[in-house]
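Trainee: fold the following, please.
(2 chains)
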Number of protein chains: 2
Amino acid sequence: MGEAQDTKPGASAGTRDMANAIRALAMDAVQKANSGHPGMPMGMADVATVLFTEALRFDPADPDWPDRDRFVLSAGHGSMLLYSLLYLTGYPGMDIGQLENFRQLGSKTAGHPEFGHAAGIETTTGPLGQGIANAVGMALAERLLNARLGDDLVDHRIYCLAGDGCLMEGISHEAISLAGHLGLGRLIVMWDDNSISIDGPTDLSVSDDQVARFAASGWNTLRIDGHDPAAISAALKTARADASKPWLIACRTVIGYGAPTKAGKSSTHGEPLGVEEIAGTREKLGWSAAPFEIPDAILGAWRALGARGADENAAWKARFAKASPESKALLDAPAAASRKGALADAIAAAKAQFAADETKRATRVWSQLTLEHLVPALPELLGGSADLTPSNGTRTKHHTAVAPGSFAGNYIHYGVREHGMAAAMNGIALHGGFIPYGATFLVFTDYCRPSIRLSALMGQRVVYVMTHDSIGLGEDGPTHQPIEHLAALRAIPNLLVLRPADALETAEAWEIALGQEKRPSILALTRQAVPKFVRQGGVGANLSAKGAYVLSGGAKRDVTLLASGSEVGLAVEAAATLAKDGIGAAVVSMPSFELFRAQDQAYRDEVLGDAPRVAVEAAVAQGWHEWLRPGDRFIGLSDFGASAPAPKLFQHFGVTSGRVAEAARNVAAAAKKA
Amino acid sequence: MGEAQDTKPGASAGTRDMANAIRALAMDAVQKANSGHPGMPMGMADVATVLFTEALRFDPADPDWPDRDRFVLSAGHGSMLLYSLLYLTGYPGMDIGQLENFRQLGSKTAGHPEFGHAAGIETTTGPLGQGIANAVGMALAERLLNARLGDDLVDHRIYCLAGDGCLMEGISHEAISLAGHLGLGRLIVMWDDNSISIDGPTDLSVSDDQVARFAASGWNTLRIDGHDPAAISAALKTARADASKPWLIACRTVIGYGAPTKAGKSSTHGEPLGVEEIAGTREKLGWSAAPFEIPDAILGAWRALGARGADENAAWKARFAKASPESKALLDAPAAASRKGALADAIAAAKAQFAADETKRATRVWSQLTLEHLVPALPELLGGSADLTPSNGTRTKHHTAVAPGSFAGNYIHYGVREHGMAAAMNGIALHGGFIPYGATFLVFTDYCRPSIRLSALMGQRVVYVMTHDSIGLGEDGPTHQPIEHLAALRAIPNLLVLRPADALETAEAWEIALGQEKRPSILALTRQAVPKFVRQGGVGANLSAKGAYVLSGGAKRDVTLLASGSEVGLAVEAAATLAKDGIGAAVVSMPSFELFRAQDQAYRDEVLGDAPRVAVEAAVAQGWHEWLRPGDRFIGLSDFGASAPAPKLFQHFGVTSGRVAEAARNVAAAAKKA
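Mentor: Prediction:
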């Protein structure tokens, strides 16, 4: 393992000094916080220094420059590497005080990089493997935009630093496999090959030949000494010269490089080095500056790096100024606002068409019919499915598939890779230029849940089209029937769960989802056909946007029936039955708990009413108790489903209009007695 | 691609006829059900026939024979392959009527194979990639048992049939990597390499060189024509002769083999072939028998196969009869019952020790101290962690790590592979001989949720040790802080979620979890130290087993405070504050909603009382409404966490004893007014 040496004669400070600045900041910030991960930043400091010095296209004065390179720290626990780089290169707001407040409440320097906390944080990382999969999405978005806008406007790379943990996670396989398949040559992954994980040496648990593994998935590969600046530099030049395939650069490093007794040990991974070890590190590295002090020459060398990007950015902006309005619109957030009209028009057209169509269809089919309007109207929509395209109804006649080396299309065959799809969609949304939607069965939200959570945490507009949303899926049986998934998804903060009941609500759900600029949405859609309802509130306004509304009845309200999705039909049937017995039932359709909760108390009281309530959903009760009081009833499921034709299952589990009506009679009678 | 030919001269029916029996049953059952997946069984019929004819060690008369080979259909949608094999070889209960009732309510022949529905179904499959990861767990359990009991009693193999979808899923990487690392040479995976997935040809979405990929993870590999019985036979001989590493046999096949116009197309994957195509298939295969009729000679050839296994089983039983009681105990379910005493004794010893220890510790530490008692007492306990051993506290001084080729240990370093760990634990539990427990942070239950769900669906005794169970995790920040996870896990049917509050409850949680013979458990444990409580019900009885109980107060009950885990301490503090104001508060500790729900109404009424209620949990409210009425209050979180030291976070988010006391005062006052 070579010692890092200066390789830039004439520079005011050498690569080694610049890298040591990262090491010092990392170890000192972790020590001050008494919490954090010094080992990774110290190990990857040389790689990061050469990357930023020679390769990365960035302009700290304009962190959102659309044609910047993206730097993704997949090994997010090494957050001090990123924060050090943002401080050293002069990103706005990342002053030394932020580093001194590492991991403290309200600082920009959270334990793991949090998107939105500071300029230059391209994505939230920490849950391992997510960053590399985000990077795949970004590298895909880059090529898709390039195919639309050309090299003059879109010509950048995605650099991703990943650790052993990232490569052990299953999501890395999905990401690597997809990137290799599509030939995402703008992606350069630098693997921190330090042979250490938390339990100890990685050989306790892993023996993969990672280079051979990546090669098997169609990647170019290189192995280098991650402490040899010349080797790092040469590798980056090689990788940048050949964009036919993605690159893995395996960087052999020493975790906690520079620490006299702890370097190379797992004890440097996730805890402060300690005062004594830090003193020894200073001595070993020849670093005499006090904590959080960077000598002027070294800081100056770092700060000077932005000039290259500033020039490139200026040239880019000159080209962008001459671009067509259509081109600008894809890169320009304000322009996107002007397309809200296009969204509203497309939805209005869909609703008009649906109003004239009396066919009973599944909401997944109504969703597909809605997309037939949306896709031509919104060029930023990027569709896809995790190998369930015909079942999910996500591909329209306006779609062309993206294929290896061919990026003019607007539909991604993500393969059987739910987790990789979701994380890639996060990367696509973060990159900008597209609103991604992707699909699988609702039950398989479990497979991509970590990435759905990150969509919500990062506030990204990603639309999850989740079909086959109950036992209505039928014969495929309990492994494929979501029972607890609506509850489990409704539990995630900042995630919008929409379960439309019919054609109208399905179109409205799409309008709501696409209008959420800072929130992901789940569309839970049926496999089975559902009726269309006569909505007493009329078809013009988007009533679904209130989360719940009185679909029918209410003039004489002896009981209120609450339902979502396919069970709204049961409530409507039950109300008809009850009417014959002289019991007045209001049917409340509840496509979204989150939106309903956000309404004012008066509206919620008006919708829910004072009458006894019966709720019905072909799922677990959890979550529904929020809308129910003692004495109210819930009709649903409390155990896993079964394999049979859907109508038999609804009968078998007692999720029927008859049981709703019976429960309604009982609660109404009990209320009368009381 | 060779045509399948007879290779067993002298057999009453040839391999080809035997394979065609599978094809006929599969296409006819799917047609009759008007639902299902004929393509895979027709494509893999030759591979399965040779496997069962020549290699698989099985005894249909004794499906639970511990030393049988395991046959895992990871591509579970091809369930008719398995059902056909079980019928043809004569497994009890799998009569032709079951095949005629494929996918119908109450049949043993669900859409996907369901463990427990029929003898010979080794695991529930369907969610892709789970089967191969279960198989890795089974192959590990086999070697672990072999190291304890020797070749005379444990000497079998795990055969797994996997499809393209299984290999695209991320979990396959975790499983393959772990198996390669440990050198699980008893595992033989036969990949149905048919180049077709649901969206169309696999080259729409995947280009991996799977053989190179498996080799990179330390597997032996072979490529064969999956329709050439001689090649299949030779490959199986090769694989069985070298158990130094796991084997991948890539079987090039034609999906829907035999169908005249649909073979090789994705249209054979997931729908009936249709009457005309089935007639054409009969003609092409030379199969003239009516649907669900197997000519005697062919059925006879299949039924004769069990004799080999019956002989082997008889010889094995003779050896088993001579084995030591300790050896028998590991293989013998009734013997396990006798260890209930050992469990009770170990827990009693732990509780006695804890009662004398006044140190404040995290429940993860109390868990580790409990394990110090349990591990020596219960030799079937198999520990592990997904690379968080020091944080999870899952390794005791009684543990030895399992290492490549060395299986005498009792602790698995699963690596950063939460999903693979959980699925492997399912395989280990299904295999028998061990009670597996495995650990990660609670937030990363998201990474293994599909396998946790299958633990619950299959009713397997798997214990998930999930530490760092709230914002009490502190500085690592929102990506690592579970907020919605308790709710999301409580939503899963048949999963026991246990969140103990102190030392005593932690020991009791382990006693409860290990006592669940047909249910997985999650232990949600704190990172931070918690107080020990004086329990008015005494320390002897396992009060946690009732799910909730009155920890303190209640003589004068003006308000009831409900809490779980680390927030019980806040409730106890609040009760002390309230007492000073003359407000009597009962503190109810609720370690498990599921167990409490299972108590009778009288007990639940007694515990919850009539007084106004305040619940507190450092998590979302969802789920708590079940125990609250209008006017009651919940103190918790409604958004993601933040990065800061834990005490600051509890303050910041208002999860404090002060807020609990304030809410209690308010609800008590409101109740007085009313």
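Trainee: roughly how far apart are the residue nearest to residue A:501 when sequence neighbours are not counted and chain B?
Mentor: Nearest residue to residue A:501 in three dimensions, chain neighbours excluded: residue A:568, at 3.7 Å (CB to CB, 6 or more residues apart in numbering or on different chains). In short, each C-beta sits where N, CA and C put it, glycine included. Distance from residue A:568 to chain B, counting by CB to the nearest CB, to the nearest Å: 22 Å.
Trainee: in which helix or strand would I find residue A:568?
Mentor: Using DSSP states H and E, the element containing residue A:568 is helix A:568-580.
Trainee: direction included, what does the next helix or strand after that helix pair against?
Mentor: Going down the chain from helix A:568-580, the next helix or strand is strand A:585-589, by DSSP H and E. If you go by DSSP bridges, strand A:585-589 pairs up with strand A:549-552 (antiparallel), strand A:559-563 (parallel).
Trainee: around chain B, which positions in the stretch 51-200 of chain A sit nearby?
Mentor: Applying CB under 8 Å from any CB of the partner chain, one finds that the stretch 51-200 of chain A approaches chain B through A:76-77, A:103-107, A:110-112, A:114, A:124-128, A:164-165, A:168-174, A:177-178, A:180-181, A:197-200.
Trainee: and those, which of them are in strands?
Mentor: Mapping those onto strands (DSSP state E) picks out A:197, A:200.
Trainee: quick one: contacts for the closest residue to chain B within chain A?
Mentor: Ranked by CB to the nearest CB, the top residue of chain A for proximity to chain B is residue A:170, at 2.7 Å. Residues in contact with residue A:170 (CB atoms under 8 Å, 6 or more residues apart in numbering or on different chains) are A:129, A:419, B:169-174, B:417, B:419-420.
Trainee: what do you get for residue A:249?
Mentor: A:188-191, A:221-224, A:235-236, A:239.
Trainee: what about it, helix or strand, and which?
Mentor: strand A:247-252.
Trainee: who does the helix or strand just after that strand touch, helix- and strand-wise?
Mentor: Per DSSP H and E, strand A:247-252 leads on to helix A:275-285 as the next helix or strand towards the C-terminus. Identification of packing neighbours for helix A:275-285 by 3 or more CB pairs under 8 Å, 6 or more residues apart in numbering or on different chains; DSSP states H and E yields helix A:15-33.
Trainee: is residue A:346 in contact with residue A:374, as I believe?
Mentor: Yes. Here residue A:346 reaches residue A:374: they are 5.0 Å apart, a contact under CB atoms under 8 Å.
Trainee: hey, where'd the helices end up in the stretch 451-600 of chain A?
Mentor: Secondary structure of the stretch 451-600 of chain A (DSSP state H, counting those that start in this stretch): helices located at A:485-490, A:503-515, A:568-580, A:593-597.
Trainee: in JSON lines: those helices, plus mean pLDDT, distance to residue B:634 and mean neighbour count.
Mentor: Output for the helices of the stretch 451-600 of chain A, formatted as JSON lines (pLDDT from 0 to 100; distance: least, CB to CB, whole Å; neighbours: other CB atoms under 10 Å in any protein chain shown):
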{"stretch": "helix A:485-490", "mean pLDDT": "98", "distance to residue B:634": "16", "mean neighbour count": "28"}
{"stretch": "helix A:503-515", "mean pLDDT": "97", "distance to residue B:634": "27", "mean neighbour count": "26"}
{"stretch": "helix A:568-580", "mean pLDDT": "98", "distance to residue B:634": "28", "mean neighbour count": "21"}
{"stretch": "helix A:593-597", "mean pLDDT": "98", "distance to residue B:634": "14", "mean neighbour count": "18"}
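Trainee: quick check: end-to-end length of stretch A:256-273?
Mentor: 9 Å (CA to CA, to the nearest Å).
Trainee: list of residues touching it?
Mentor: So stretch A:256-273 is contacted by A:20, A:23, A:27, A:30-31, A:33-40, A:42-43, A:45-46, A:77, A:194, A:196-201, A:227, A:254-255, A:277, A:280-281, A:283-285 (CB under 8 Å, 6+ apart).
Trainee: stretch A:564-576 now?
Mentor: A:363, A:469-470, A:472, A:486, A:499-502, A:524, A:526, A:528, A:530-531, A:533, A:551-553, A:561-563, A:585-587, A:589-591, A:614, A:616-618, A:655-658, A:660-661, A:664.
Trainee: mind redoing it with 7 Å?
Mentor: Stretch A:564-576 is contacted from outside by A:469-470, A:472, A:499-501, A:524, A:526, A:528, A:530-531, A:533, A:551-553, A:561, A:563, A:585, A:587, A:589-591, A:616-618, A:655-657, A:660-661, A:664, using CB atoms under 7 Å, 6 or more residues apart in numbering or on different chains.
Trainee: picking up where we left off before, top of the contacts of residue A:249 by neighbour count?
Mentor: With neighbours taken as other CB atoms under 10 Å in any protein chain shown, the top of the contacts of residue A:249 is residue A:189, carrying 31 neighbours.
Trainee: list the contacts for it?
Mentor: Contacts of residue A:189 by CB under 7 Å, 6+ apart are A:132, A:160, A:162, A:246-248.
Trainee: isn't residue A:428 right next to residue A:137, touching?
Mentor: Yes. The pair residue A:428 / residue A:137 is scored as a contact, 4.3 Å apart, by CB atoms under 7 Å.
Trainee: out of these two, which sits in the more crowded spot?
Mentor: residue A:137 (34 against 28).
Trainee: ok, then the element right after the worst-scoring helix or strand of chain A on mean pLDDT?
Mentor: Ranked by mean pLDDT, DSSP states H and E, the helix or strand of chain A with the weakest confidence is helix A:333-338, at a mean of 60. The helix or strand immediately downstream of helix A:333-338 is helix A:340-355, counting by DSSP H and E.
Trainee: okay then, goodbye and thanks.
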